[in-house]
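Output the structure for:
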Amino acid sequence: MIGRHIDGGLHEDIDITNNSQNPVRFNLEIAIRADFADIFEVKSDHIVRRGRITTSWSDKRQALRITYRNKDFCREVIVRTGEGDGEPTVNANGRLSFDIALKAGQAWHRCLIYDLVDGAKRTLAPRECTHSSATSDHAGKMHEWQRTVLKIDTSNEEFYRSYNQGVQDMTALRLPLEGTDHMVFVPAAGLPWFVALFGRDALIASLQTMIVYPEFAAGALEVLGQYQATERDDYRDAEPGKILHELRYGELAHSS
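Residues are numbered from 1 along each chain as shown. A predicted model of the protein is given here:
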């Protein structure tokens, strides 16, 4: 059984149970690959590798580091084998290898923790296993956010369900961004391709949800104001006072 929890990075739980009446022993191998493809290339299904991918393994840290570098653009994935049963992990032939021996009815558990590195910024994965945490931090934050939005009490069950579904949808679209001196929420343009700051989409969505969650509008104005053009730039189609169309941080945006 595999369980996955994404909150920044990825926490993966691997559980194996010997349901037979005999002991078993086998070798489990997990191949991990990362192509670091730009979101626009993934969307167009035409991926071009411009940089170099390298991998390194640390027995001491039980960590696999996969690095992509193209001049001054660098991204990394660090895969750690967390707490679990059995012998330490071995890296061989491009795979993580686990020697597993189970008695009848015995279970085996191991965590894989995927941290992400964007230049000098590291995004950590959750350290807690999904089965050992009653409520994830992400679920707790979502519940807290839903508690702050406008509540509607009505005898119309269809309207009630529709409204609450809309609130849940907007919860999934919350995009945390750095404001002038604090973190703010801005509505993302959509899932999965447009989890990014868009000028028009953020403003329209904030206007439409003003009565439900006015902080969206405050956050959108604060963040968009930081990127508002102050001079003419024909290459970027910018002119004083103009709001940006879209903000990306991928390789293509970095090198353009």
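
Break down the chain into its helices, ranges please.
Taking DSSP state H as the criterion, the chain contains helices spanning 39-44, 137-148, 157-172, 199-208, 215-227, 251-255.

which helices and strands sit right next to the longest one?
Read that as helix 157-172. With contacts taken as 3 or more Cβ pairs under 8 Å, 6 or more residues apart in numbering; DSSP states H and E, helix 157-172 sits against helix 137-148. For glycine as for every other residue, the C-beta is placed from the backbone atoms N, C-alpha and C.

next one: the fifth one
Secondary-structure packing of helix 215-227 (3+ Cβ pairs under 8 Å, 6+ apart): strand 174-178, strand 183-187, strand 197-198, helix 199-208.

Report the rounded mean pLDDT for that helix.
Confidence for helix 215-227, expressed as mean pLDDT, is 94.

Mind listing what's buried along that helix?
Buried residues in helix 215-227, counted by 16 or more other Cβ atoms under 10 Å: 215-217, 219-224.

Just the angle for the helix or strand of the chain with the lowest mean pLDDT relative to helix 157-172, thanks.
In the chain, no helix or strand scores lower on mean pLDDT, DSSP states H and E than helix 137-148, which sits at a mean of 75. Interaxial angle, helix 137-148 versus helix 157-172 (axes from the mean of the first three to the mean of the last three Cα atoms, to 10 degrees): 130 degrees.

In this model R127 seems to touch D13, though I could be wrong.
No - using Cβ atoms under 8 Å as the test, D13 is too far from R127 to be in contact (11.8 Å).

Of the two, which one has the most company?
Neighbour count, other Cβ atoms under 10 Å: between D13 and R127, D13 has more, with 20 against 13.

Tell me the spacing between the more buried one and A34.
Distance, D13 to A34, by Cβ to Cβ, to the nearest Å: 20 Å.

and what of G250?
Distance from G250 to A34, counting by Cβ to Cβ: 14 Å.

And T54, by the same measure?
11 Å.
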